[in-house]
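Participant: Fold the following for me, if possible:
(chains A and B)
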Amino acid sequence: GAVVSQHPSRVICKSGTSVKIECRSLDFQATTMFWYRQFPKKSLMLMATSNEGSKATYEQGVEKDKFLINHASLTLSTLTVTSAHPEDSSFYICSGKQGGTEAFFGQGTRLTVV
Amino acid sequence: ELKVEQNPLFLSMQEGKNYTIYCNYSTTSDRLYWYRQDPGKSLESLFVLLSNGAVKQEGRLMASLDTKARLSTLHITAAVHDLSATYFCAVDMGRNQGGKLIFGQGTELSVKP
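Facilitator: As a prediction, this is how the structure comes out:
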């Protein structure tokens, strides 16, 4: 399958700071990127869908000013958690797809806000 | 609102036994995925089911899709310890919704010797 590279795999940040997570498609052009959040022992919750060159579409209840998503190229999408707080601590996973094909998942990022 | 429900949510099996995980969903879709997740890791794609009646097998796992019943199953044959993980089904919402996936709650499988 295609490869999606997500970095960093783990990050610890202080409350009030911002942190950026990168998601790159290495061997295909990701026309659509998805960002998910997962709490311990829970399922994946879709946060937003982004299409290259367009504004992201956020799911209900997800604060778009807090979770900034950029999809400026066909191989890179970023999620920035702004003014992070401990309740933002979670496992964040991106996935990318090209057209109507299967989506491929990144390795995930474990965010801890202290 | 689409609901994707898996059962059971927890499954403790003995090695060598067979079992089935069920995934029911509440809206029309003809594309469904099964994933495996190990603790602390991301998702590993197991099966892509693209049409009604699709059946796929890989090793001790077999998945099927019945779009009319809105049901997919993941059957485990002669379980081994290495299959211990959490298994998710995910329903593709289709092109009109950008192809986003909605996940079931997950089934935590523990295979004991």
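
Participant: Leaving out the residues flanking it, which one is nearest to the residue of chain B found nearest chain A?
Facilitator: Per C-beta to the nearest C-beta, B:Ser42 is where chain B lies closest to chain A, at 4.1 Å. Quick note: C-beta positions are derived from backbone N, CA and C, even for glycine. Excluding its sequence neighbours, the residue lying closest to B:Ser42 (C-beta to C-beta, 6 or more residues apart in numbering or on different chains) is A:Gly108, at 4.1 Å.

Participant: Give me the pLDDT value at the one you found.
Facilitator: A:Gly108 is assigned a predicted lDDT (pLDDT) of 97.

Participant: ok, it - how many residues close by?
Facilitator: Other residues near A:Gly108 come to 22 when the count uses other C-beta atoms under 10 Å in any protein chain shown.

Participant: Now do the contacts for it.
Facilitator: With contact set as C-beta atoms under 8 Å, 6 or more residues apart in numbering or on different chains, A:Gly108 has these partners: A:6, A:9, A:38, A:91-93, B:41-42.

Participant: Filter those residues down to just the ones in strands.
Facilitator: Residues of these located in strands (DSSP state E): A:6, A:38, A:91-93.

Participant: Most widely separated two among those residues?
Facilitator: Greatest spatial distance in the ones in strands among the contacts of A:Gly108: A:Gln6 and A:Gln38, 13.0 Å, computed using C-beta to C-beta.

Participant: Common neighbours of the two, please.
Facilitator: Residues touching both A:Gln6 and A:Gln38 (C-beta under 8 Å, 6+ apart) are A:93, A:108.

Participant: wait, A:Thr31 sits on A:Lys97?
Facilitator: Yes: between A:Thr31 and A:Lys97 there is a contact at 7.1 Å, judged by C-beta atoms under 8 Å.

Participant: Local confidence estimate at residue 60?
Facilitator: I'll assume chain A. Here, the pLDDT recorded for A:Gln60 equals 94.

Participant: Oops, wrong one, chain B.
Facilitator: With respect to pLDDT, B:Arg60 has a value of 97.

Participant: how much space between the closest residue to it other than its chain neighbours and A:Leu46?
Facilitator: Spatial nearest neighbour of B:Arg60, chain neighbours left out: B:Thr77 (4.9 Å); criterion: C-beta to C-beta, 6+ apart. Distance of B:Thr77 to A:Leu46, computed by C-beta to C-beta, to the nearest Å: 32 Å.

Participant: Take stretch B:25-38, keep the C-alpha atoms, and write them as CSV.
Facilitator: The C-alpha trace of stretch B:25-38 is given here as CSV (Å, rounded to 0.1, in the frame of the first residue of the first chain):
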residue,chain,number,x,y,z
TYR,B,25,-24.1,0.2,10.1
SER,B,26,-27.1,2.4,9.7
THR,B,27,-26.9,3.9,6.2
THR,B,28,-26.3,2.9,2.7
SER,B,29,-22.7,2.2,1.8
ASP,B,30,-21.0,-0.2,-0.5
ARG,B,31,-17.5,0.1,0.8
LEU,B,32,-16.2,-1.1,4.2
TYR,B,33,-12.8,-1.5,5.7
TRP,B,34,-11.3,-3.6,8.5
TYR,B,35,-8.3,-2.5,10.4
ARG,B,36,-6.1,-3.8,13.2
GLN,B,37,-4.6,-1.6,15.8
ASP,B,38,-1.9,-2.7,18.3
